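Asker: predicted model follows, preceded by the sequence.
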Amino acid sequence: MTVLVWLSLKDIFLKRMKKLDKLKAICKKNKKYKILDVTSLDFKAYGNILEGYDLTEIKEYTEKNIAIPKEGNSYSPFNNVLDEFKIIKEIESDVYAGLPVQAGECVGNNASFSAYEYHQGSEVNIVLTDVLMVLGKREQVTDGIFNAQEDAKIFFVPAGTIIEMYSATLHYSPCIVDDTGFKVIVILIKGSNEPLEDNFESKNKAIVKKNKFQFVHETRTDKIADGIKVGLIGELIVLNPI
């Protein structure tokens, strides 16, 4: 075995140990919930881990140009600079088969699952910090009602992971693992999450923006005031950072 191979294997081993330590720590802080590794078989029902992509350029750009706010969350559905990165174009080809996509950033300090949403077409997340994702399935929704306490699963997703969440996967903002916040690049079909036209009409009460179907928990009085319907029931899931 050459020195370079040995060093490479050692690096892989150390990264795995670091990930396991983080997972153990977050589980210890949240004994009320079962938190799964995103590499577990359970995740296959919700999405897919994408491998073989170089994150170097996009990491460098986001470190210099995209800051995590001190409070709250910030989400921009599209960033023209991100769209030009090689990794975004590769994912556009590999996941969306050439269908135009848009890439934006979601950053912040969220620690709860206070709404659920889904889209037509997969959502790809390039995870740049450790995060927790609370996920469900559309088949678990009845008349807009989803009980996350009973039916959702929580996954630990380490920094550097790229996940595809299927169209039928219920999700919301990532949750923080530690007090430094989270940073994720979000890729969706072009036009998603943009405001609806003034003359838009639909019988579907879940629609809140273009290609965005969402219901909220009763605690989200801000979104309820905006006309979004309550559909997430049960005790609010709140996760403790390490």
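Answerer: Ah, there it is.

Asker: in this protein, which spans are helices?
Answerer: With DSSP state H as the criterion, the chain has helices at 3-29, 56-65, 80-83, 86-94, 148-151, 221-225.

Asker: can I get the ones you listed in TSV including mean neighbour count?
Answerer: Where you see a C-beta, it was placed from the backbone N, CA and C, and this is true even at glycine. Below are the helices of the chain laid out as TSV (neighbours: other C-beta atoms under 10 Å):
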stretch	mean neighbour count
helix 3-29	12
helix 56-65	14
helix 80-83	15
helix 86-94	17
helix 148-151	16
helix 221-225	12
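
Asker: in JSON lines, list those helices along with mean pLDDT and distance to Glu123.
Answerer: Listed next are the helices of the chain as JSON lines, based on pLDDT from 0 to 100; distance: least, C-beta to C-beta, whole Å:
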{"stretch": "helix 3-29", "mean pLDDT": "71", "distance to Glu123": "23"}
{"stretch": "helix 56-65", "mean pLDDT": "98", "distance to Glu123": "17"}
{"stretch": "helix 80-83", "mean pLDDT": "96", "distance to Glu123": "15"}
{"stretch": "helix 86-94", "mean pLDDT": "99", "distance to Glu123": "11"}
{"stretch": "helix 148-151", "mean pLDDT": "97", "distance to Glu123": "18"}
{"stretch": "helix 221-225", "mean pLDDT": "98", "distance to Glu123": "19"}
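
Asker: between those helices, which one is closest to Ala103.
Answerer: Comparing the helices of the chain by their distance to Ala103 (C-beta to C-beta), the top pick is helix 80-83, with 4.0 Å.

Asker: show me what the closest one is packed up against.
Answerer: Secondary-structure packing of helix 80-83 (3 or more C-beta pairs under 8 Å, 6 or more residues apart in numbering; DSSP states H and E): helix 56-65, strand 101-108.

Asker: quick check: Asp226 vs Pro195, distance?
Answerer: 12 Å (C-beta to C-beta, to the nearest Å).

Asker: still on that earlier bit, got the helices and strands packed on helix 80-83 as JSON lines, with distance to Asn30 columns?
Answerer: Converted to JSON lines, those look like this (distance: least, C-beta to C-beta, whole Å):
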{"stretch": "helix 56-65", "distance to Asn30": "27"}
{"stretch": "strand 101-108", "distance to Asn30": "19"}
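
Asker: out of the ones you listed, nearest to Asn204?
Answerer: strand 101-108 (22.2 Å).

Asker: for that closest one, give me every contacting residue.
Answerer: Contact partners of strand 101-108, identified using C-beta atoms under 8 Å, 6 or more residues apart in numbering, comprise 62, 66-69, 72-79, 82-83, 85, 88, 91-92, 173-174, 181-193.

Asker: per-residue pLDDT, the residue nearest to the spatial centre of the chain?
Answerer: Closest to where the C-alpha atoms of the chain average out (C-alpha atoms, centre = their mean) is Pro174, at 4.9 Å. Reading off the confidence values, Pro174 has pLDDT 99.

Asker: hmm, Val131 and it touching each other?
Answerer: Yes: contact criterion C-beta atoms under 8 Å: Pro174 and Val131 qualify, at 3.8 Å.
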